[in-house]
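# based on what follows, work out the 3D shape:
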Amino acid sequence: MDTHIWKNIGPLSEIPVRGARRLCFGHEGKPIAVFRTGADTFFALIDECPHKAGPLSEGIIAGNTVTCPLHNWVIELDSGNVAAPDEGNARSLPVRVEGGELFVGLPVRELA
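Now for the predicted structure:
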C-alpha cells in the first residue's frame, strides 16, 4: 500500500532548469518547493532553510544542492541535509514523473 497521496503539480516545463517553484499548498503548515537541476532531476523540499527559515525556492541550484539566499547554507536536494560545517535538515518529500507531469507525495496521515 502506498503511504502517500500524490498531488499533480503540472507539466515539467513549468519548472525552469536550475530553478524552483513554490507550491500553492503546503505540508504540515509549511510551504513546499519543487526543484529542477541542470541534469533534469526533480526534488521537493519544505521551502524553509533550517537555519532561519529562508525561502529555499529563491536559492541558487548547483548540481544537486540549493544555496539558501539568506545566509548561504547549502542544502542537499535529495535528502534535505545541510552541508558541513552547518547542521540541520530541510525535510524532503518524494516526487515522481509520469507522462510529462510532476507529482509530489504527501504522507497519507496528513490528509486523514
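# wouldn't Ser79 be in contact with Ser92 here?
Yes - in this structure, Ser79 is within contact of Ser92 by C-beta atoms under 8 Å, at 5.9 Å. In short, each C-beta sits where N, CA and C put it, glycine included.
# neighbour count winner among the two?
Between Ser79 and Ser92, counted using other C-beta atoms under 10 Å, the more crowded position is Ser92 (17 against 14).
# counting neighbours, what do you get for the residue nearest to that one when sequence neighbours are not counted?
Nearest non-adjacent residue to Ser92, counting by C-beta to C-beta, 6 or more residues apart in numbering: Gly80, 4.1 Å away. Here the count is done by other C-beta under 10 Å, and Gly80 has 20 residues near it.
# check contacts around Gly80.
Going by C-beta atoms under 8 Å, 6 or more residues apart in numbering, Gly80 touches Leu45, Ile46, Asn89, Ala90, Arg91, Ser92.
# so which helix or strand of this structure has the lowest pLDDT on average?
Taking mean pLDDT, DSSP states H and E as the measure, the chain has helix 108-111 as its least confident helix or strand, at a mean of 60.
# now do the SS call for Asp2.
coil (DSSP: H, G, I helix; E, B strand; the rest coil).
# which residues touch it?
Per C-beta under 8 Å, 6+ apart, neighbours of Asp2: Val108.
# what about it, distance to Val17?
Distance, Asp2 to Val17, using C-beta to C-beta, to the nearest Å: 29 Å.
# also Leu102?
Applying C-beta to C-beta to Leu102 and Val17 gives a distance of 13 Å.
# those two: which has the busier surroundings?
Taking other C-beta under 10 Å, Leu102 and Val17 do not tie; Leu102 has more neighbours (22 against 12).
# find the nearest non-adjacent residue to Leu106, please.
Ile5 is the one closest to Leu106 (C-beta to C-beta, 6+ apart), at 5.1 Å.
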